[in-house]
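*Asks:* with the input below, show me the fold.
(2 chains)
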Amino acid sequence: MADTSVELRDLVKYHGATLAVDHLSLEVRAGEFFSILGPSGAGKTTTLRLVGGFERPDRGEILVEGRSMQNVPPNLRPVNLVFQTYALFPHMTVFNNVAFGLEMRRIRRAELRSRVSAALDMVKLSDKHSRLPSQLSGGEQQRVALARALVNRPAVVLLDEPLGALDQQLRQEMQLELKAIQKQVGITFICVTHHQEEALTMSDRVAVMNHGRVLQVGSPQEVYESPTSEVVARFIGLSNHLSGRIVTVGGTTCRITSPDIPTTQPLLVRRPPGPMEANRVMLLLRPERLHVSQDAQAGRFDNAVSARIEKVTYTGSEMQYLLRLSDSVLWRARLPNSGARQERFRVGEAVFLCWNADDGVILTE
Amino acid sequence: MGIFFFIPLLIVLAVSFASRGTDGGVEWTFSLTNYAHLADPLYFRIYGRSIALALATTALCLLLGFPLAYSIARAPIRWQGIWLLLVMIPFWTNFLVRTYAWMFILRTEGLMNTLLINLGVMTQPIELLYSDWAILIGLVYGYLPFMVLPLYAATERLDLSVVEAAWDLYATGWSVFWRVILPLTKPGVIAGCILVFIPSLGAFITPDLLGGAKTMMVGNLIQHEYLVMRDWPLGSAISFSLMALVLLAVMAYFKTDGRLDRLERGV
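*Replies:* Just a heads-up that it's a prediction; the model follows:
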């Protein structure tokens, strides 16, 4: 298992009486950018702290590069943590902050200097090496924290909500930069975040976590487009959903009807792999996969249902519509603002919502 | 506040330049003889012993107070109040009474000796009372809270994740302390040391009772000049010099410290 960097085996951790991590098993491959995504209180940070060695698991085992981390204190683990609050040493300069780990491992002065300089170059802070952390902006402090971890060339860098304290624009820039740096150094990154866009943008693979358990692990595309549970679908991006029953099953598709909406004909959806036993299902549709139109556009889309526009929101880059399909069903649609070509709709207008069989996912209940 | 502090001080300063009257009163003739008296070799032993005892007291208080303050600051919130209360409870009793209690503990046939003999640690009682050790114990006991309170304030503000970061970056427990915890709690350490060192240097009840009046500290000397010799001008001169010395030392410390801070930052 040379390409496994971190392996978590059946980890259990209680905080008092609450179960923070519940029989969690994960394998992180060497050199990948792995994210643990979940709402706050899902046990993400606890998992990270267990890998860092700041907390001990009540059960289970952690292996880093095949070596058990049982009873290994943080200062002897080949793992460095980038803290959510950065935790820079306020009394040391940027240079001394970054040099700290090397100094503690008694790296020779000449090598230390060149490694610290290289790390500061990488995060574009060479000119600020003699500043104190309090003299830096939030984004710069974040870079120092990253450099302070990378300079040690650990097997794994752990990042706890690395971009959580930054503003929206800086956050998007740093997402790409973090990813680029990770590719450049080739060190395994394990990043904890509650921000789905962040996880999808940066990661090679994502684990979606809730209530101390891992719900799904996969590439960003897999977890976004083929969620295996409703919780995952809801957490990763907004989803429209509709419960229904399967009426006919074909080779690659099936048809469902729902008592909640008045449809003219059963809806065509892609069939999930495997045998179809249950006939009660949940249809999930991403808001950006829906088309809003004045006519049903027969032939161009597999499905069309009638709806009434309840709310229109203009966000600049897109138009967001809230649409009522029936008394109990309210869906969202997001259409890119493509300029004059685009039809605009008003509140109260009767429209059709159209989509293809491949746009939806069904989950058996 | 300023009035209460400065007016007595100015009186002491004025008296220190006067001379002793024949019946022990103050005669307002200007002289520097009181200050010349300070250089008397007889007094040097007293100064030396006072400084040594005050330094030892400060060091011991720091050694005991730091772990205590740190554990209080890291205890669950509801326990912190209780621990701090326990640290301060002795203040509710008169200092003189508490010092007498220590005499009872340290006496040859006192609590400490009885306990140690009964435990089989030794067979003969040791002479604890009326020694420099007794003074040291009394001073540490008396001034420990002055060390613990500022240290608690400093360690309580310490960001635990910074300590964890040092640990994460390969620092051993010892390095975490020297490189991170101590520098970040330095203001508390300095405040605690000043609050312990200054009153220990001028202490007179403790050395009088526990030292058996045979060993003098500067505080006893001042008391002696004022109350026994009735030489107020000399007593004032000693007090004033002592205070000036402490003040200068503290100022010099802050000055070099500020310079070192800038040096470290490379400014």
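
*Asks:* return the residues of the stretch 1-150 of chain B in contact with chain A.
*Replies:* Applying C-beta under 8 Å from any C-beta of the partner chain, we find that the stretch 1-150 of chain B lies next to chain A at no residue. Every C-beta, even on glycine, is put in place using the N, C-alpha and C of the backbone.

*Asks:* for the stretch 1-150 of chain B, which residue gets nearest to chain A?
*Replies:* Scanning the stretch 1-150 of chain B for the residue nearest chain A gives residue B:76, at 11.6 Å (criterion: C-beta to the nearest C-beta).

*Asks:* now do the contacts for that residue.
*Replies:* Contact criterion C-beta atoms under 8 Å, 6 or more residues apart in numbering or on different chains gives no residues in contact with residue B:76.

*Asks:* in the stretch 151-267 of chain B, what residue spans correspond to helices?
*Replies:* Taking DSSP state H, counting those that start in this stretch as the criterion, the stretch 151-267 of chain B contains helices spanning B:160-168, B:173-175, B:182-184, B:186-201, B:205-210, B:218-223, B:232-265.

*Asks:* burial count for residue 207?
*Replies:* No chain was given, so I picked chain A. Residue A:207 is flanked by 26 other residues according to other C-beta atoms under 10 Å in any protein chain shown.

*Asks:* wait, chain B
*Replies:* By the measure other C-beta under 10 Å, the count of residues near residue B:207 is 27.

*Asks:* just to revisit the earlier point, any idea of the pLDDT on the residue of the stretch 1-150 of chain B closest to chain A?
*Replies:* In this prediction, residue B:76 carries a pLDDT score of 91.

*Asks:* next one: it from residue A:18, what distance?
*Replies:* Relative to residue A:18, residue B:76 is positioned 17 Å away (C-beta to C-beta, to the nearest Å).

*Asks:* helices or strands up against the longest helix along chain A?
*Replies:* Among all segments of chain A classified by DSSP state H, the helix with the greatest residue count is helix A:168-185. Packed against helix A:168-185 by the contact rule (3 or more C-beta pairs under 8 Å, 6 or more residues apart in numbering or on different chains; DSSP states H and E) you find helix A:109-122, helix A:138-150, strand A:188-193, helix A:196-202.

*Asks:* list the buried ones in stretch A:242-251?
*Replies:* Taking 16 or more other C-beta atoms under 10 Å in any protein chain shown as the neighbour-count basis, stretch A:242-251 is seen to contain the buried residues A:242, A:244, A:246.

*Asks:* for these, which one is nearest chain B?
*Replies:* Checking the buried residues of stretch A:242-251 against chain B with C-beta to the nearest C-beta, the nearest one is residue A:242 at 45.2 Å.

*Asks:* now the helices and strands packed on helix A:168-185 as JSON lines including mean neighbour count and mean pLDDT?
*Replies:* Output for those, formatted as JSON lines (neighbours: other C-beta atoms under 10 Å in any protein chain shown; pLDDT from 0 to 100):
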{"stretch": "helix A:109-122", "mean neighbour count": "16", "mean pLDDT": "96"}
{"stretch": "helix A:138-150", "mean neighbour count": "23", "mean pLDDT": "95"}
{"stretch": "strand A:188-193", "mean neighbour count": "26", "mean pLDDT": "96"}
{"stretch": "helix A:196-202", "mean neighbour count": "20", "mean pLDDT": "91"}
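
*Asks:* out of these, which comes closest to residue B:173?
*Replies:* Comparing the helices and strands packed on helix A:168-185 by their distance to residue B:173 (C-beta to C-beta), the top pick is helix A:138-150, with 19.9 Å.

*Asks:* contact partners for the most centrally placed residue in chain A?
*Replies:* For chain A, residue A:199 is the residue whose C-alpha lies nearest the centre (C-alpha atoms, centre = their mean; 2.9 Å). Residues in contact with residue A:199 (C-beta under 8 Å, 6+ apart) are A:35, A:37, A:191, A:193, A:206, A:220.

*Asks:* close to chain B: what parts of chain A are there?
*Replies:* Among all residues of chain A, those adjacent to chain B (criterion: C-beta under 8 Å from any C-beta) are A:52-54, A:73-76, A:79-81, A:83-85, A:87-93, A:100-101, A:104-105, A:130, A:132, A:148, A:152.

*Asks:* mind checking which of the residues you listed are in helices?
*Replies:* Cross-referencing these against helices under DSSP H gives A:52, A:100, A:101, A:104, A:148.

*Asks:* tell me the pLDDT of residue 137.
*Replies:* No chain in the question, so chain A it is. According to the prediction, residue A:137 has pLDDT 93.

*Asks:* sorry, should have said chain B
*Replies:* So residue B:137 comes in at 92 (pLDDT).

*Asks:* buried sites along the longest helix of chain A?
*Replies:* Neighbour counts over helix A:168-185 (16+ other C-beta under 10 Å) mark A:170, A:171, A:174, A:175, A:177, A:178, A:179, A:181, A:182 as buried.

*Asks:* other residues contacting stretch A:153-172?
*Replies:* Residues outside stretch A:153-172 that contact it (C-beta under 8 Å, 6+ apart): A:5-6, A:28, A:45, A:48, A:51-52, A:64-65, A:78-86, A:138-139, A:142, A:146, A:149-150, A:174-175, A:178, A:185, A:187-195, A:198.

*Asks:* so residue B:179 sits against residue B:171, correct?
*Replies:* Yes - contact between residue B:179 and residue B:171 holds when scored by C-beta atoms under 8 Å: they sit 6.5 Å apart.

*Asks:* what about those two, which has more around it?
*Replies:* Each of residue B:179 and residue B:171 had its neighbours counted (other C-beta under 10 Å), and the higher figure belongs to residue B:171 (23 against 20).

*Asks:* low-confidence ranges in the chain?
*Replies:* All of this is about chain A. A:1-2, A:263-264, A:274-278, A:297-299, A:340-342, A:365 (pLDDT under 70).

*Asks:* let's do chain B instead
*Replies:* Confidence mapping of chain B against pLDDT under 70 gives the ranges B:213, B:258-267.

*Asks:* and for the closest residue to chain B within the stretch 151-300 of chain A, nearest residue in space, chain neighbours not counted?
*Replies:* Closest approach of the stretch 151-300 of chain A to chain B (C-beta to the nearest C-beta) occurs at residue A:152, with a separation of 7.1 Å. The shortest distance from residue A:152 to any residue that is not its chain neighbour, by C-beta to C-beta, 6 or more residues apart in numbering or on different chains, is 4.4 Å, and that residue is residue A:101.

*Asks:* I'd say that neighbour and residue A:80 touch.
*Replies:* Yes - if you go by C-beta under 8 Å, residue A:101 and residue A:80 touch, sitting 7.1 Å apart.

*Asks:* overlap of the contact sets of these two?
*Replies:* Common neighbours of residue A:101 and residue A:80, using C-beta under 8 Å, 6+ apart, are A:148, A:149, A:152, B:169.
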